[in-house]
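> my questions are about this predicted structure, shown below with the sequence.
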Amino acid sequence: MTDNYPIFILGTQRSGTTLLARILSAHPDIFIQNELDLSKCFDQKHDTPTITDAIKHQILTKSDVCIDTEISKNQHLVWGLKDPQLTEHTNKLLLFLPKSKFILIVRDARGVVNSYIENKWGLGTNAYSGSLRWRKEVSQQLDFMNKYPDNFLFIRYEDIIEDLETSMKQVCQFLGKAFSQELLKYDQKSSNYIKRRENINTFKKPDPTLATKWKNRLSTFQVSIIEELCDDLMTRLDYPLLTQGVTLNPWQKLYFIIHQKIIGEIQLQYRWRKSAIFSWLQKYQNKAFFKER
């Protein structure tokens, strides 16, 4: 049986973590779980065997996949977890070093913030709040990576989009796996991922225009805000700046903070009501079904 330690994929939301996990899962010797209830995996658990068992249990519950059974079928299998919320649990992930391998995927702050703004779950995110979030999370991820750099592979979303084959060969080498042409046909493979508006592009071949879509969506002012707040990190990660940045005054910052709270609350209420209505309809349909029988 192979080493039982999982691999982990880290990145902010909208940075390409789902795309990367979907591509890697097309490899015959790789299984990547797409997101779990991390509180049940990490909270009140303080050693790697306990956390690992909790992750396996969550995978079995959510995806009906028994990792130990799959390993017994394929001793070359490597398995792991992708979840943007993993960044919140780096203190527990330290327990897996230096045994586990980590892949950190980063995307241009402007692309991430634009995606935050365009998605309904963005909870009122604007250029100001989105920039602060990207800067905070990416800084934390890079600091975590620097503790054990040999256990990490750093990869950019844009590199995957522009040259999938070269990027996947790099990932396979890092994971100790032979490159498989199946990775290039990931969009033709069946997936246990539910197709949603937010992940629709992971069911298609890489589209280079996605990497620069923000150029046609964000205003110059929005780009200036993002670059002002994230300039050091963006430069460090080889994302060229296009503006001189802009310094917001206290009133502008207050506006963006209030904007997110108000719009975010509206979106939360919409999601809650939509979920409640769906649950009621499902319950009604079940009652009607059993009544007819």
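Nice, I can see it.

> rest of the way, CA atoms for contacts and neighbours
Noted.

> which of the residues in the host helix or strand of Met168 are buried?
Taking DSSP states H and E as the criterion, Met168 maps to helix 164-175. Of the residues in helix 164-175, 164-165, 167-169, 171-172, 174-175 count as buried by neighbour count, 16 or more other C-alpha atoms under 10 Å.

> hmm, who's touching that helix?
101, 153, 155, 159-160, 178-179, 183-184, 206 (C-alpha atoms under 8 Å, 6 or more residues apart in numbering).

> one more time with 10 Å
The contact list for helix 164-175 (C-alpha atoms under 10 Å, 6 or more residues apart in numbering) reads 7, 20, 23-24, 27, 30, 78, 101-103, 150-161, 176-181, 183-184, 205-206.

> tell me, how many neighbours does Gln252 end up with?
Gln252 has 12 neighbours, counted by other C-alpha atoms under 10 Å.

> cool, Asn249 as well?
Neighbours of Asn249 (other C-alpha under 10 Å): 8.

> for it, what are its contacts?
For Asn249, the contact set (C-alpha under 10 Å, 6+ apart) is empty.

> elements contacting the helix or strand hosting Thr61?
Secondary structure assignment for Thr61, by DSSP H and E: helix 48-63. Counting contacts by 3 or more C-alpha pairs under 10 Å, 6 or more residues apart in numbering; DSSP states H and E, helix 48-63 is packed against strand 30-34, helix 38-42, helix 67-73, strand 78-82, helix 90-93.

> that one: which residues count as buried?
48, 51-52, 54-59.

> same deal with stretch 134-143?
Under the neighbour-count criterion of 16+ other C-alpha under 10 Å, stretch 134-143 has 134-135, 137-138, 141-142 buried.

> in helices, which of the residues you listed fall?
134-135, 137-138, 141-142 (DSSP state H).

> just the buried residues of the contacts of helix 164-175.
Members of these classed as buried by 16+ other C-alpha under 10 Å are 7, 20, 23-24, 27, 30, 78, 101-103, 151-153, 155-161, 177, 179-180, 183-184, 206.

> the closest residue to Asp29 other than its chain neighbours and Glu182, how far apart?
Leaving aside its chain neighbours, Asp29 sits nearest to Leu77 (4.5 Å; criterion: C-alpha to C-alpha, 6 or more residues apart in numbering). Distance, Leu77 to Glu182, using C-alpha to C-alpha, to the nearest Å: 15 Å.

> output the ones in helices among the buried residues of stretch 134-143 in a markdown table; the columns should cover pLDDT.
Below are those laid out as a markdown table (pLDDT from 0 to 100):
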| residue | pLDDT |
| --- | --- |
| Trp134 | 96 |
| Arg135 | 97 |
| Glu137 | 96 |
| Val138 | 97 |
| Gln141 | 97 |
| Leu142 | 96 |
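
> what's the closest of the residues you listed to Lys261?
Trp134 (17.9 Å; C-alpha to C-alpha).

> can I get stretch 101-112 as CSV, trimmed to CA atoms?
Backbone C-alpha positions of stretch 101-112 (Å, rounded to 0.1, in the frame of the first residue of the first chain) are rendered in CSV as follows:
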residue,chain,number,x,y,z
LYS,A,101,2.7,17.4,-0.8
PHE,A,102,1.0,20.7,-1.5
ILE,A,103,0.1,22.4,-4.7
LEU,A,104,-0.5,26.2,-4.5
ILE,A,105,-2.3,27.7,-7.4
VAL,A,106,-2.4,31.5,-7.7
ARG,A,107,-4.4,33.7,-10.2
ASP,A,108,-3.9,37.4,-11.1
ALA,A,109,-5.6,39.5,-8.4
ARG,A,110,-7.5,41.4,-11.1
GLY,A,111,-9.0,38.2,-12.5
VAL,A,112,-9.9,36.9,-9.0
